Structure formats: C-alpha cells, structure tokens
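A.B. asks: Predicted model follows, preceded by the sequence.
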Amino acid sequence: GVNSEAPRLTLPPLKLGKLTVDTPVVLAPMAGVTNKAFRRLCSEYGGGLYVTEMVTARALVERKPESMRIIEHDPDEKIRSIQIYGVDAVNVGKAVRMVVEEDRADHIDLNFGCPAPKVTRRGGGAALPWKTDLFTAIVQTAVKEASRNDIPLTIKMRKGIDDDHITFLESAKIARDAGVAAIALHGRTAAQHYSGKADWDSIAQLRELIPDVPILGNGDIFSAEDAVRMVEQTGVDGVVIGRGCQGRPWLFGDLQNAFEGSSERIRPTLTEVSDMIYRHAELLVETFGDETRGLREIRKHVAWYFKGYPVGGELRAKMAQVPDLATFRELMLSWTTRLVTRVPPLRVRAAAPAAPSSRTCPMAGWIRASWGTLSVWAWRRLSWIFPAAKHLYLCAAACCLRVAAHPFVSLFVRYFPLLQRLQTLPVDPHRRIEFMAGLIRKDDMDEVRARTDIREIIEGYVSLKSAGIGTYKGLCPFHDERTPSFNVRPQVGS
C-alpha cells in the first residue's frame with residue numbers, strides 16, 4: 001500500500017569500480033540463508049547487490065563440492081557477487097585468482113566482520129583487523145589478484161574486537177590505500193555479536209574520514225524507514241541488510257521504493273506470505289536438487305516468516321514429518337486457514353538478543369572441554385533450573401578433577417577479569433603478556449606483584465600441561481594453537 005507519511009529520499013546508484021548497482025542496497029552474506037533460492041526471491045521484489053554465503057578461501061582452493069556450490073549463480077543474476085573468508089594472504093590470493101581466472105564472479109567481498117566464536121577463535125572474521133600486518137597483506141593481495149580482470153573488491157568489517165580494541169578507522173585507511181572499491185561497516189564490535197544497539201555514529205565517523213571511497217552502513221535496519229534514517233544520519237552511499245530481511249524478502253521492494261523517492265510499501269497478507277513460503281521451498285528444492293534437504297532448509301525460514309503469529313511447536317513438529325512438497329503445501333494451507341481469521345501482528349523490528357553474559361565461571365571453558373559430552377548434557381539440563389546451578393556444577397566438577405587444589409588457581413581467579421578480556425585477543429602468547437602488562441597499568445594494579453603473579457600463572461599452566469590433566473588449552477589465555485609449548489618462559493613486556 002501507499003503511505004504518504006513514509007520517509008523517502010532519492011539516493012544515486014552505487015558505483016563499485018566498473019559496476020553500477022542501481023539500487024544501493026546489499027544483501028549481507030548469511031550462512032545457510034543467502035543461497036541461490038533466497039537471493040532469487042529477494043531480487044524478485046527489488047534491485048540491489050545479492051551476495052552469496054561466506055565461503056572459506058582454503059575450501060575454495062581445494063575445490064570442495066559444498067564450497068563450489070555456494071559460489072554458483074543463476075544465469076539471470078545481473079551481478080555475480082561472492083564473499084570470501086580467510087586468515088592468510090596466500091590462500092585468499094589463490095582463491096581470488098581462481099575466481100577471476102575462471103570468471104566465476106563480477107564482484108568479490110572479503111569478510112572481516114563475522115563475530116562467530118568459531119571464526120574469531122582462529123583470529124579470523126571481526127578479530128583479524130587487529131593484526132594490521134596480516135590485514136594489510138590479505139587486502140593488498142586480494143586487490144592485486146582481483147585487478148587482473150578489473151573485478152571490484154570490497155570489504156565488510158565491524159568496529160573492532162570490543163570497546164577497548166577498536167580497529168575500524170585504521171583498517172579503513174589501509175583498505176582505501178590498497179584500492180578497495182567500497183567499505184561496509186557494521187556498527188557493533190565482535191564482543192557485542194548482535195546485542196544492544198548498532199552505533200551509527202561510528203559509521204558517520206567513517207564516512208567523514210574516508211570521503212573518496214563508497215561507504216556502506218550495516219546494523220539495525222529492519223525497514224525502509226530505518227534505511228532512510230541511516231542514510232540521513234550517516235551520509236553513507238548505501239546500506240547492507242542482514243537479519244532484517246529474514247522471513248521478509250519483500251523488504252528489498254520497500255528499500256527500492258524508498259530510495260527512488262516513493263512512499264509505496266509492500267504489506268503482504270497472510271495468504272500471500274504462505275504462498276511466498278511455498279515458493280521459497282520450491283526454490284530450495286531446486287537449488288539443492290534434493291527434496292528432503294530443501295524441506296529441511298525451509299524450516300528455519302518458516303519460523304522467521306511466521307514471527308509474531310501463534311504457530312509454535314505444533315507446526316514445527318508437523319514440518320519435521322513432511323515427506324514432500326505436496327504435503328508441505330497442504331500443511332501451509334491448513335495453518336494459513338487457521339490463522340487468517342486473526343488480526344496479523346504489525347511486523348516491527350526484531351528484538352535484539354541479550355548481550356553475552358560476563359558472569360562466567362573461570363573454569364567453565366576448560367571443564368566443558370574436559371568432560372565433553374557429559375558436561376554439555378548436564379550443563380543444558382541445569383540451565384533451565386536456575387543460573388547458579390550451572391556454577392555449582394562447575395565448581396563441583398573442578399574439585400573432582402583436583403584442579404582447585406592447584407597453587408595457581410587462586411591467582412587465576414584473582415586476575416580473571418583481565419584474563420577474560422585477553423581471551424578475545426587473537427595474538428600470539430608473547431603479545432598477550434604485553435597486553436596484560438598494559439591492562440595492569442590501566443587498572444592501577446600493583447605492577448611488580450602482578451608481573452610475578454603472571455609468571456606463576458604461566459608456570460602453573462605448564463605444570464598442568466606436563467601432568468596431562470585434561471584439556472588445558474581453554475584454561476590459559478596465553479595458549480595459542482600455533483605455539484606447541486611454553487618450554488621457554490616468556491618475559492612480560494614493559
């Protein structure tokens with residue numbers, strides 16, 4: 001329908017090197033979401049740049065079947081766009097070269113914004129820009145390889161690791177000097193994941209700092225009105241849409257209308273949403289070439305499409321038993337009939353997830369790793385009783401493992417707030433100790449005593465390791481998988 005009060009503005013096309021994106025909107029890469037099926041569904045509503053799911057550089061170089069499937073495009077996709085993730089310049093360079101030489105993409109994006117722990121633990125994603133030398137090498141190598149066929153290369157990143165380790169301004173300068181075609185910034189740190197409110201002021205700050213490269217804003221855009229406000233507040237050249245379009249592919253139609261100066265907005269009825277879900281399921285079956293897998297993939301999308309409607313566990317249970325598309329169609333029609341008589345809820349922005357809790361037992365990571373499946377099973381079943389039960393369980397487990405008796409545990413607990421902050425730093429053990437010294441000075445702690453305590457913690461860690469007690473790597477913040485041992489005691493930097 002048309003809403004005469006809807007905010008609107010006229011935004012020029014987005015220029016990425018030799019490419020022109022008429023509608024300055026980018027679909028953010030999302031694992032398990034932005035496959036060919038979802039990209040096609042979104043593009044049927046509005047224009048924009050539709051990027052594939054993230055693919056790892058090494059898997060691409062090794063031509064793993066799943067990675068090769070991810071970078072496939074439909075013949076009618078105007079701009080073939082892919083996103084590559086890597087943690088070393090060699091593999092990223094090889095992956096970009098392969099894509100360019102085999103003409104598999106018209107645009108390449110590098111991922112420096114993923115906050116997932118499985119990615120940042122390896123020093124990748126949103127954690128990688130902290131290593132400026134490595135970040136510079138990766139971006140320069142990728143730009144050089146992409147320029148072989150004049151393919152524009154862009155980057156997507158976050159503000160930094162946490163509020164104490166902000167990297168986006170320095171990283172943007174490095175990327176600009178390397179010759180990237182655009183920079184996208186999500187206004188959150190890696191530590192925030194998707195909690196809290198995106199910091200649009202940081203996006204405006206980046207726009208002011210880098211006036212000669214297109215800047216794209218990302219974070220908390222759940223409607224065309226949000227996108228218009230971001231552009232007006234920050235001055236960005238375009239927007240990147242992630243969670244806001246989950247279960248709402250028509251959002252791209254709203255965005256195109258808004259940026260073309262139109263107040264028209266798409267407000268589908270429940271019946272139209274049901275038809276959309278079925279079409280999505282058909283496209284997924286076509287994408288994977290497997291009806292069973294396609295129907296399995298649609299389940300999470302149904303939850304997003306029906307968000308706000310009273311369709312709980314009963315629908316999910318029935319969906320798990322759907323054998324084919326025909327049965328799926330009947331199920332969707334029956335549920336639509338039951339709901340259509342009710343007033344559909346207003347589709348508002350999704351609630352931000354709660355911030356990661358900082359009240360974590362110091363031994364939690366190590367004990368969970370040591371006890372494996374049994375620990376996870378007990379952890380999950382205690383979590384619904386009351387939070388304190390989890391900590392009591394971990395303390396009891398520590399006593400059973402005779403860890404609590406170790407002389408350095410009290411020191412570990414004393415410095416846990418600092419150690420916890422160090423866990424997020426993707427740097428080698430020697431640099432972590434230097435950071436520890438810096439944090440000690442910042443927190444006005446006794447530096448001489450703290451230096452001694454740090455050494456005792458390291459020595460205690462080494463003794464635990466030599467004794468072979470459990471899985472030790474989650475226990476010590478100085479552990480690095482690339483460092484085989486601590487036979488030589490590192491010295492604390494001044």
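C.D. replies: Received, thanks.
A.B. asks: the bottom helix or strand of this protein by mean pLDDT?
C.D. replies: Sorting the helices and strands of the chain by mean pLDDT, DSSP states H and E puts helix 364-383 at the bottom, at a mean of 46.
A.B. asks: tell me which residues of stretch 181-197 are tucked away?
C.D. replies: Across stretch 181-197, burial judged by 16 or more other Cβ atoms under 10 Å covers 181-194. For every residue, glycine as well, the C-beta is placed using N, CA and C.
A.B. asks: From the residues you listed, pick the one nearest L11.
C.D. replies: Nearest to L11 among the buried residues of stretch 181-197: A182, at 14.5 Å, using Cβ to Cβ.
A.B. asks: In contact with T23, which residues?
C.D. replies: The neighbours of T23, taking Cβ atoms under 8 Å, 6 or more residues apart in numbering as the test, are P13, L14, G46, G47, G48, F252, L255, Q256, F259, E260.
A.B. asks: So it: helix, strand or coil?
C.D. replies: Following DSSP: H, G, I helix; E, B strand; the rest coil, T23 is assigned to coil.
A.B. asks: can you check Y50 too?
C.D. replies: strand.
A.B. asks: per-residue confidence at it?
C.D. replies: Predicted confidence (pLDDT) for Y50: 97.
A.B. asks: Across the sheet, point out what pairs with it.
C.D. replies: According to DSSP bridges, the residues that bridge with Y50 are L27.
A.B. asks: Redo the buried residues of stretch 181-197 as a markdown table? Include distance to A28.
C.D. replies: Listed next are the buried residues of stretch 181-197 as a markdown table, based on distance: Cβ to Cβ, whole Å:
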| residue | distance to A28 |
| --- | --- |
| A181 | 17 |
| A182 | 13 |
| I183 | 14 |
| A184 | 8 |
| L185 | 12 |
| H186 | 8 |
| G187 | 13 |
| R188 | 13 |
| T189 | 17 |
| A190 | 16 |
| A191 | 19 |
| Q192 | 16 |
| H193 | 15 |
| Y194 | 12 |
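A.B. asks: before we move on, back to that, list buried residues within the contacts of T23.
C.D. replies: Using 16+ other Cβ under 10 Å, the buried ones in those are L14, G46, G47, G48, F252, L255, Q256, F259, E260.
A.B. asks: For V90, state which of those residues is nearest.
C.D. replies: Proximity of these to V90 (Cβ to Cβ) peaks at L14, which lies at 31.1 Å.
A.B. asks: what's across from the closest one in the sheet?
C.D. replies: Residues in beta-bridge contact with L14 (DSSP bridges): V21.
A.B. asks: Roughly how far does it sit from D22?
C.D. replies: 8 Å (Cβ to Cβ, to the nearest Å).
A.B. asks: Next: G32.
C.D. replies: In terms of Cβ to Cβ, G32 sits 28 Å off from D22.
A.B. asks: which one of these two has more residues nearby?
C.D. replies: D22 (16 against 10; other Cβ atoms under 10 Å).
A.B. asks: Mind telling me the two of the buried residues of stretch 181-197 farthest from one another?
C.D. replies: A181 and A191 (28.8 Å).
A.B. asks: out of the buried ones among the contacts of T23, which are inside strands?
C.D. replies: Among the buried ones among the contacts of T23, the members found in strands (DSSP state E) are L14.
A.B. asks: Restricted to helices, list the buried ones among the contacts of T23.
C.D. replies: F252, L255, Q256, F259 (DSSP state H).
A.B. asks: which pair in those residues spans the largest distance?
C.D. replies: F252 and F259 (10.6 Å).
A.B. asks: what residues are shared contacts of the two?
C.D. replies: Joint contacts of F252 and F259 (Cβ under 8 Å, 6+ apart) are T23, V25.
A.B. asks: Please, which helix or strand holds M230?
C.D. replies: helix 224-234 (DSSP states H and E).
A.B. asks: who touches that helix?
C.D. replies: In contact with helix 224-234 (Cβ under 8 Å, 6+ apart) are residues 6-9, 11, 25, 200, 203-204, 207, 215, 217, 220-221, 236, 239, 241, 244, 251, 254-255, 257-259, 265, 349.
A.B. asks: Just give the closest residue to H73, not the sequence neighbours.
C.D. replies: R80 (4.4 Å; Cβ to Cβ, 6 or more residues apart in numbering).
A.B. asks: That neighbour: neighbouring residues, count only.
C.D. replies: Neighbours of R80 (other Cβ under 10 Å): 20.
A.B. asks: Please list all residues in contact with it.
C.D. replies: Taking Cβ under 8 Å, 6+ apart, we find R80 in contact with H73, R104, A105, D106, H107.
A.B. asks: Include secondary structure when you put these into TSV, please.
C.D. replies: Shown next, in TSV, are the contacts of R80 (three-state DSSP):
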residue	secondary structure
H73	coil
R104	coil
A105	coil
D106	coil
H107	strand
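A.B. asks: Make a PyMOL selection of the buried ones in the residues you listed.
C.D. replies: A single PyMOL command selects the buried members of the contacts of R80 (16+ other Cβ under 10 Å):
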select buried, resi 73+104+105+106+107
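A.B. asks: Nearest to A89 among the contacts of R80?
C.D. replies: A105 (19.1 Å).
A.B. asks: the strands in the stretch 151-300 of the chain, which residues?
C.D. replies: In the stretch 151-300 of the chain, the strands defined using DSSP state E, counting those that start in this stretch lie at 153-158, 160-162, 165-166, 182-186, 215-218, 238-241.
A.B. asks: Identify the residues contacting D212.
C.D. replies: By Cβ under 8 Å, 6+ apart, the neighbours of D212 are R176.
A.B. asks: Tell me how far it lies from T167.
C.D. replies: Distance of D212 to T167, computed by Cβ to Cβ: 20 Å.
A.B. asks: again, but for V87
C.D. replies: From V87 across to T167, the span is 16 Å (Cβ to Cβ).
A.B. asks: Repeat that for P65.
C.D. replies: When distance is defined by Cβ to Cβ, P65 is 35 Å away from T167.
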